[in-house]
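Engineer: What follows is a predicted structure for the sequence shown.
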Amino acid sequence: MTRTAIHVDHIARVEGHGNVRVVIEDGIVKTVEMNVVEPARLFESMVRGRRFEEVPYIASRICGICSASHVVTDLLAIERVFGVEPTDRTRALRDLLVYGSYLQNHATHLFVFAAPDFLGMPSVFPLAETDPELFERALALKALGNELCTKVGGRSVHPITAVVGGFTHEIAAGEYRALADKMDEAREFAIRAVDLFRDFPVPAIETAGDMLAMVEEGAYPVAASRRARFLKAGAEFDADEASERIEEHAVPHSAALFARVRETGRPYFTGALARANASWRHLGQNAKVAAAKAGLRPPEGNPFMNNVAQAVELVDALDRCAALCRRLAEPDAFEGASAPVAFEVQAGRATGFTEAPRGALFHEIALDAEGRVEHASILTPTAQNCENLEADMRILAERLVADGAERDDVQLEIEKLVRAYDPCLSCSVH
């Protein structure tokens, strides 16, 4: 018997710690495991008994990149419990916060984590020598995301100005216009990034499971809708039904719970590729042209194309942020102010829902009559993706083995697949 074992202890260039184990016997792939080895984070336990005002700031500490998304998602859940209707201006500012985290995350993932895979480099640092312009402009794009989050949220991470019912502070009109100009200046490089990732060769595989994304008629939503859709199953549901539609379960080889569609038992993928498939028609014009040139059109099921989808979203985010900033600079462009609206604390349970950079994010919260947390559950994108990633790793390994690939090539392509998912393994454990 010929036996090949692939053990990757600590996948490089991803957030958090995870291992991969693959066993091949006589040309047959026997074992494929994605081992998340992070300890329990216990954020849901930390917020129990706390007042509602504290919850968004605690939950934002789950992730340094997606902190804005965690804050906004918690606020949406709390506001649903209290019956709060934020103004259009507040909604626009929240979109800006989420898009700021897209710029932060996608620029980091694409150029620091993913690009070295396709350029034959062990890390991003040799890129500073071989292509200093690409390196510097990639860092500048990440810095622009930091600046946007700082101006809107008060900090580049863990925003402090977003509160229940509105914002405690806003920048001046001139600062909005300056941000819009910077977004316009960055667009050309973002379009080049789509072309760059389009040209990288990837294995031709189809994801094993379904896809999940936020949907809204006539929009490419990131925080404005409560509707989620499993794209292949065609099943749509309200965010409050997330725990009924999504089943989490334990597996012996991972500290993270795996997730699947409760009705079908199938795993699923959430992230930029799922969003592009769900709402491709509603991308901005520049992003849609870039996506079409890159061959990204629905239905696209190759998980490696998540890299291209993120690059397309950079173009889309820059255009949307420029437009939003220019509108916010006009005094009467939005109905209502961003100052927090009045509300009454009451008991109840609700789920907040946003599209974080890495995919669908759900926060379920139950509050008592004094506004203290009785129950909390946080379902992050990577927690939802782990089972589908493992299934896709098997598909990829079987394809490569059937094609006669050498052991080292199998290992490299599996690592590239893991990075294409853009996992945050630290965030995947409850």
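Structural biologist: Alright, I've got the coordinates. Numbers count the residues shown, from 1 in each chain.

Engineer: residue ranges with poor pLDDT in this structure?
Structural biologist: The model of the chain has pLDDT under 70 over residues 1.

Engineer: packing partners for whichever helix or strand Val71 is part of?
Structural biologist: Using DSSP states H and E, Val71 sits within helix 67-82. Packing contacts for helix 67-82, counted by 3 or more CB pairs under 8 Å, 6 or more residues apart in numbering; DSSP states H and E, involve helix 55-59, helix 88-108, helix 132-153, strand 162-163, strand 348-356, strand 359-367. To be clear about C-beta, it is placed using only N, CA and C from the backbone, and glycine gets the same treatment.

Engineer: got the contact list for the longest one?
Structural biologist: Which is helix 132-153. 68, 71, 93, 96-97, 99-105, 107-108, 110-112, 124, 127-128, 155-157, 159-162, 167, 171, 175, 179, 182-183, 186, 189-190, 193, 196, 314, 321 (CB atoms under 8 Å, 6 or more residues apart in numbering).

Engineer: what's the angle between it and helix 67-82?
Structural biologist: Put simply, helix 132-153 runs at 30 degrees to helix 67-82, going by axes from the mean of the first three to the mean of the last three CA atoms, to 10 degrees.

Engineer: Tell me the helices and strands packed up against the helix ranked longest in the chain.
Structural biologist: The residue-count maximum for a helix in the chain (DSSP state H) belongs to helix 173-198. Counting contacts by 3+ CB pairs under 8 Å, 6+ apart, helix 173-198 packs against helix 115-119, helix 132-153, helix 285-293, helix 306-328.

Engineer: Name the residues of the longest one that are buried.
Structural biologist: What that stands for is helix 306-328. 306-322, 324-326, 328 (16 or more other CB atoms under 10 Å).

Engineer: okay, the angle between the helix holding Val71 and strand 348-356?
Structural biologist: Angle, helix 67-82 to strand 348-356, by the same axes, to 10 degrees: 150 degrees.

Engineer: Return the distance of helix 67-82 from the chain's centre.
Structural biologist: Relative to the centre of its chain, helix 67-82 is centred 16 Å away, using CA atoms, centre = their mean, to the nearest Å.

Engineer: cool, and stretch 40-59?
Structural biologist: 21 Å.

Engineer: What of stretch 54-66?
Structural biologist: Centre-to-centre, stretch 54-66 and its host chain are 15 Å apart (CA atoms, centre = their mean).

Engineer: ends of it, how far apart?
Structural biologist: By CA to CA, to the nearest Å, the extent of stretch 54-66 from end to end equals 18 Å.

Engineer: What are the buried residues along that stretch?
Structural biologist: Here stretch 54-66 shows 55-60, 62-66 as buried, counting by 16+ other CB under 10 Å.

Engineer: Over to stretch 113-133?
Structural biologist: Residues of stretch 113-133 classed as buried by neighbour count (16+ other CB under 10 Å): 113-117, 124, 127.

Engineer: what do you get for stretch 86-102?
Structural biologist: Counting neighbours by 16+ other CB under 10 Å, one finds that the buried residues in stretch 86-102 are 86-87, 89-102.

Engineer: next one: stretch 75-86
Structural biologist: Residues 75-82, 84, 86 are the ones in stretch 75-86 that count as buried (16+ other CB under 10 Å).

Engineer: Sort out which one of these lies nearest Ala223 for me.
Structural biologist: Checking the buried residues of stretch 75-86 against Ala223 by CB to CB gives Leu76 as the nearest, at 7.3 Å.

Engineer: got the contact list for that closest one?
Structural biologist: Contacts of Leu76 (CB under 8 Å, 6+ apart): 223, 352-354, 363.

Engineer: 7 Å instead, please
Structural biologist: Counting by CB atoms under 7 Å, 6 or more residues apart in numbering, Leu76 touches 352-353.

Engineer: go on, Glu244?
Structural biologist: Contacts of Glu244 by CB under 7 Å, 6+ apart are Arg262.

Engineer: about what we covered before: now the buried residues of stretch 113-133 in JSON lines, with distance to Val410?
Structural biologist: Output for the buried residues of stretch 113-133, formatted as JSON lines (distance: CB to CB, whole Å):
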{"residue": "Phe113", "distance to Val410": "20"}
{"residue": "Ala114", "distance to Val410": "19"}
{"residue": "Ala115", "distance to Val410": "21"}
{"residue": "Pro116", "distance to Val410": "19"}
{"residue": "Asp117", "distance to Val410": "14"}
{"residue": "Val124", "distance to Val410": "24"}
{"residue": "Leu127", "distance to Val410": "26"}
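
Engineer: wait, which of these is closest to Val47?
Structural biologist: When the buried residues of stretch 113-133 are compared for distance to Val47 (CB to CB), Phe113 wins out at 30.0 Å.

Engineer: sorry, back to before: specify which member of the buried residues of stretch 113-133 is nearest to Tyr268.
Structural biologist: For the buried residues of stretch 113-133, the residue nearest Tyr268 by CB to CB is Ala114; the value is 21.7 Å.

Engineer: mind checking how far stretch 319-335 is from the chain centre?
Structural biologist: Computed by CA atoms, centre = their mean, the chain-centroid distance of stretch 319-335 equals 24 Å.
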